[in-house]
Structures are given as structure tokens and as C-alpha cells.
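A.B. asks: task: produce atomic coordinates for the following.
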Amino acid sequence: MLAPVLNLPRPAPLPRFRPPHKNIPQTKIERDHLLRTIRHYVAGKPLTPPLSMHELDLHAQQILSGTQTDPIYRNYVTILINNEIWREPLAAVPYHRRLLLLPKCLRLETKCPALFDGFGLLCRQCGLCSIQDLQAEGERLGYAVLVAEGSAVVMSLIQTGKIEAIIGVSCMSVLEQAFPYMEAAAIPGLAIPLLQDDCQDTTVDLDWVWEVIHLTSEDRTRRLDLIGLREEVESWFTLDALEKTMGPAQNETELLARGWLARAGKRWRPFLTVAAYQAMRDQPESALPFDLRRIALAVECFHKASLIHDDIEDEDQFRYGEKTLHAEHGIPVALNVGDLLIGEGYRLIAASEVDSDRKAEMLWVAAEGQRKLCAGQGAELAWMRHPEPLSSLRVLDIFRNKTAPAFAVSLLLGTIYAGSHEAVADVIREFSEALGIAYQIRDDLNDLGGGVESNDLTAMRPSLLLAIAYERARGEPKSVLEALWRRSLKDGITIDQIERWFGQFKADQRARQLLETFKEEAVRSLHKLDHASLKGLLRRVIGKIFNPTEIKGWCHQVEAQKGGGRLPIADAAG
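C.D. replies: Below you'll find the predicted structure:
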């Protein structure tokens, strides 16, 4: 019997999406590339803030022309430039000397019970929007938090001398009004624009906000290029790089194992190992030791072995756009390769150049993680022998046991290798549990719409969407969904029909709420962490793993007031 999930976190508000704005890069890859370009540009220039609107505009033109970036992104580039030149000065300002300015249009206007006073909105903590959580976290850190608009409030606070830095979340109009006062007072400011062009019921990239409000000079990893770090980790998995780290392959089984390691994959687990190691270092920007590759490769060995075995157990035929190992070479060969990879993982840890105590601790953590992972997979296999409808709580419990241990092992191996473990282990395990559940929910949501190689519905595996829909359905849909749970679905019912019921019973919406809830739970677990660098890095890692929401645009009312032309650099106040 699976244990029920207790103390489920409060569901996060469901994001609301609007049409994209043409003046913002539309993909995360484009925005990340542009941000890295700007950081490199700013790092190579003796730019001393504050810069005037004219100076910022000139630098934006240089970046656009030098990188052949579309000129329609000019205004967005100025925001990133100004943010970058103020980033370090703001990081040095204590939290209690900062102002977090939030817009009232983040609320659900028709349902919001809050009142207003002379300083702005008085949040009633109803949980309908993101204001509650941002305000609570800001105040917990020591920020002055205002949910208000207009330059008069900002000016009055600056003039008191008690505010030394501002983080502004708003439409371009408010950012523009605040910029002259911040420039005149030389107040560090970072700006986070709203996600779309409506002036009510708006949203914001919460990952961006949470990263910025936690920015502190005590975090030695704040300058780390996580994209570059991940690319470096990815480079360790070519066949040539694997041979350099692991030695030449001695037989056909080892060749198959190396080929499987080199196959496509997200590499999140080895990346987490390296990121955790970097966070614990005194100089996280220095070169990575070659020996660390052994630990990162060990983590990926364990992961790829589990995928080989899972594919056999689930009878999946494709992964990464290619045949699974057992589909191509047969089950006996695939089982043997998976077993070899587990052995390789332990061999690589044992071969690492660390003292015997750390080596023993890493081996113990890896073994314990392997046991928990097998127990989680075993619970799913036990259900498959006697399939029956599962509640959403029981599905989440399967997610907890199947996915969370791998994230915990990845992070713990990195911290142990760095020489620090005991003080952070409990928080890492709690963080990994929430992260693992969120990761698995995201995979469930990604299965929607078909086109995936390994779909829980087509394979008739426990699915959160199926559990939620079954709990909410009545009549014929409930009978059909129960048959699906029992793996006895009759002909004539298609996956498209099942997914339509997901929409009808709002199972997808509930799953997205739970995804945001467990992401938030992962963030909240970091409150107990005293290590500023590890806390800051893990917070940013969440945003990288879950792909921050697309930036959708600016306030259309402001654009109308400006005649549809390019907004002045004042809009980029921070």
C-alpha cells in the first residue's frame, strides 16, 4: 500500500497568458543568448552607474549593430544593460534598505478583496494571485514592499534616505516615471517588466522576480554563467570525452554503455552535481577540476541505467528519437548494459581523488539513492500487476519516490566532493523532493497533445492528469477512465478523447497549479539554508530546469500613449 501524501502545499495561482509582444525575444534560448551577450559587453566596459538615458541608448545601439540583433529589441536591450550595470551595486545593499515595488494589476481585479490606502494595496492574503507570496517573501527578507503605482510614492521614499535600492515590477509607464528620481539619487534599480500588454490581471516572470529579490553579495555564485556551465558539462559526454575520463572501452558491452551515455539527454543531474560543487567553493568562477568529471559521469551512469531498465519494464520502444536499447539489442543485452552502468557509477566514485571519508560518504549516498529509486519504481510495478484507480495523492507519492532521490543524490555528491555536507544535507533532501515532484508533473503535462515517445497514457502508467480527471468525472467518462486505470480500455476510445476529458474536467489546469505549487515549495525549503551561495544557485537552477514563462509584452495603453513608437530608455529603469 502506498503511503498517502500529507500536508500538501497550498495550490499556487494558475498563470494567465496573453498574446506575445513583438519587441521581446520570444524564446528562452534567444533571451538567454541576448543576456549573455549583454553581460559580456558590460563586463568589458568601464561602465559606472548611473548612466543617462542617452548613454544607455548608445550602448544598446552598439550591441544591436555588433551582434546583428533585430532593432525591434532595442528597448528590451536597454533594460538588460541597465540591470547589469546596477546588479553588483544592488547586491551590496542589505535587504532592509531595499524597496520592492509591485503593481496592483498583478491581482485578479474582479475577485480581489484588498483595499487601498495612501501607500497602495493592502493585501488580504487570499492566495488568488502572486502578490501575497512576493510580498511575504520580500518582508521576510527585510524589504519595504509596496503594491502601488506612481512616481510620487517612490520619490517620497527615496527622499527619506532609508531606501538605497529598488526592484521594480511594473509596466513600462511606471518604470519610466520612476527612472528620473532613481537616476538623480543614484539609486541602484533593477526592472522586471510585466508579461503581457494588459493593464489588469497581469502576470510576471516569477522566477526572474525571485532570483532578483534574493540577490546578495554574500552569494559567491551570483556571477556564475549557468548556461555556460551546463554547456561545459554537456561537452563531457561526447565519445572522445568519455574515453578521456573513463579510459578506453574494453569490450562490446562497454561500447554499448558509452554509446548510451553519449546519447541525447538533458544532463540535469550531472549539471546539478557540478553546480552544487561550485556553490560550495570559495572561488566558484575558477576552472573545474578534471576529477569532478568522474562524479558527474557517475551520476549520469546511474540515471541512464535506470532509463534502460525502465524502458524494459514499461515496454517502451523509443527514446531520444531512436530505438530503446532493448528494442535494438534485446532485453538480455540491455539488462546487462544497465547493470554495467551502475557498476561504472560506483567505480568512478571510488576512483575519485578525494580522501577516504568523503569517498565513503559519496558511495553511501549513491547506494541509498539507488535503493530509494528502486523502491519507488517497485511501487509502480506492483500497481501494474494489480492495476486500479489511484488518487492524485498516491500518484504524487509515486513521483516523490521515483524522481526525488536522483536529484538528491546529484546535489549531495557535489556538496560532499566539495568537502561540505552535513550542514546542508537535510535542506537538499527537502528541496529535491519538491523539485522531483514538480519535474515529474511537468513531464506529465508535456505528454499532452501527443508526439512524445513515452506517454504515460499510451503505456498505461500512473498519470497525475488521469488521477485528477478520474476524481472529477461522473457517468460514462468516469467508467472509461476507470477502465483505463485498470488497463482494460475497450476499442473505440482514443487518446484524443481522454485528453479532451482532461480539458473538460480541468485536470490540466489543476496539474499546472500543482506544478507551480511544488516549484514554490522547493523555493521555500531554501529558507532554512544558511549557505548564501548554495541557496542562490539552487534558486536559479529551478528557473533553468523549468524554463521561465515567456515574456509576453508591455502595457498596450502605454504604447498607445506614445503613438506606437519605440519607448524611451527611461522605461528601462533598472
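A.B. asks: mean confidence score for stretch 325-338?
C.D. replies: The pLDDT scores in stretch 325-338 average 94.
A.B. asks: er, stretch 140-147 actually
C.D. replies: The predicted model assigns stretch 140-147 a mean pLDDT of 88.
A.B. asks: now do the buried residues in it.
C.D. replies: 141, 143, 144, 145, 146, 147 (16 or more other CB atoms under 10 Å). Any C-beta I mention is one placed from the backbone N, CA and C, and that applies to glycine too.
A.B. asks: contacting residues for the third one?
C.D. replies: Shown in contact with residue 144 (CB atoms under 8 Å, 6 or more residues apart in numbering): 98, 99, 100, 157, 162, 163.
A.B. asks: 10 Å instead, please
C.D. replies: Contacts for residue 144 (CB atoms under 10 Å, 6 or more residues apart in numbering) come out as 95-101, 119, 138, 157, 160, 162-163, 166.
A.B. asks: mind listing the strands for the protein?
C.D. replies: 98-102, 115-117, 120-122, 144-147, 165-170, 189-193, 318-319, 322-323 (DSSP state E).
A.B. asks: find the pair from the contacts of residue 144 with maximum spatial separation.
C.D. replies: 95 and 119 (19.4 Å; CB to CB).
A.B. asks: which of these two has more neighbours?
C.D. replies: residue 95 (18 against 13; other CB atoms under 10 Å).
A.B. asks: against residue 167, how distant is the more buried one?
C.D. replies: Using CB to CB, to the nearest Å, residue 95 is found at 11 Å from residue 167.
A.B. asks: hey, what's in contact with both of these two?
C.D. replies: Common neighbours of residue 95 and residue 167, counting by CB under 10 Å, 6+ apart, are 138, 143, 213, 215.
A.B. asks: can you redo those as TSV with distance to residue 507?
C.D. replies: Formatted as TSV, the shared contacts of residue 95 and residue 167 follow (distance: CB to CB, whole Å):
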residue	distance to residue 507
138	33
143	37
213	33
215	37
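A.B. asks: just the pLDDT for the spatially closest residue to residue 89 that is not a sequence neighbour.
C.D. replies: In this structure, residue 89 finds its nearest non-sequential neighbour in residue 188, 4.3 Å apart by CB to CB, 6 or more residues apart in numbering. Here, the pLDDT recorded for residue 188 equals 88.
A.B. asks: residues near residue 188, how many?
C.D. replies: 23.
A.B. asks: and what of residue 478?
C.D. replies: 17.
A.B. asks: I figured it hits residue 504, correct?
C.D. replies: No. The criterion here is CB atoms under 10 Å, and residue 478 misses it with residue 504 at 12.0 Å.
A.B. asks: okay, and the common contacts of these two?
C.D. replies: Overlap of the contact sets of residue 478 and residue 504 (by CB under 10 Å, 6+ apart) consists of 469, 472.
A.B. asks: so where's the chain shaky on pLDDT?
C.D. replies: 1-24, 26-28, 107-129, 149-155, 172-183, 185, 195-201, 449-460, 489-492, 547-574 (pLDDT under 70).
A.B. asks: just give me the neighbour total for residue 374.
C.D. replies: For residue 374, the count of nearby residues is 16 (other CB under 10 Å).
A.B. asks: list the contacts of it.
C.D. replies: For residue 374, the contact set (CB under 10 Å, 6+ apart) comprises 306, 309, 381, 401, 402, 405.
A.B. asks: again with residue 422
C.D. replies: Taking CB under 10 Å, 6+ apart as the test, what residue 422 contacts is 361, 415, 416.
A.B. asks: let's see 8 Å
C.D. replies: By CB under 8 Å, 6+ apart, residue 422 lies in contact with nothing.
A.B. asks: swap in residue 534?
C.D. replies: 221, 276, 279, 280, 415, 424.
A.B. asks: what about 10 Å?
C.D. replies: Residues in contact with residue 534 (CB under 10 Å, 6+ apart) are 219-221, 275-276, 278-280, 411, 414-415, 418, 420, 423-424, 427-428, 431, 526.
A.B. asks: which other residues reach stretch 358-365?
C.D. replies: Counting by CB under 10 Å, 6+ apart, 295, 298, 345-346, 349-355, 405, 408-419, 421-422, 425 sit against stretch 358-365.
A.B. asks: relative to residue 248, how far out is the nearest residue to residue 170 once chain neighbours are set aside?
C.D. replies: Nearest residue to residue 170, sequence neighbours excluded (CB to CB, 6+ apart): residue 103, at 4.7 Å. The gap separating residue 103 from residue 248 is 60 Å, by CB to CB.
A.B. asks: neighbour-wise, which of those two wins?
C.D. replies: residue 103 (22 against 9).
A.B. asks: isn't that one up against residue 209?
C.D. replies: No. With contacts counted by CB under 10 Å, residue 103 stays clear of residue 209, the gap being 11.6 Å.
A.B. asks: what do these two both touch?
C.D. replies: Counting by CB under 10 Å, 6+ apart, the residues touching both residue 103 and residue 209 are residue 169.
A.B. asks: circling back: so who does the residue nearest to residue 89 touch?
C.D. replies: 49-50, 85-93, 98, 164-167, 182, 574.
A.B. asks: please pick the buried ones from these.
C.D. replies: By 16+ other CB under 10 Å, the contacts of residue 188 give 49-50, 85-87, 89-91, 93, 98, 164-167, 182, 574 as buried.
A.B. asks: now the strands of the chain in CSV, please, with extra columns for distance to residue 445.
C.D. replies: What follows is the strands of the chain, written out as CSV (distance: least, CB to CB, whole Å):
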stretch, distance to residue 445
strand 98-102, 28
strand 115-117, 37
strand 120-122, 32
strand 144-147, 31
strand 165-170, 26
strand 189-193, 25
strand 318-319, 19
strand 322-323, 24
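A.B. asks: now for these, which one comes closest to residue 467?
C.D. replies: Of all the strands of the chain, strand 318-319 comes closest under CB to CB, at 24.6 Å.
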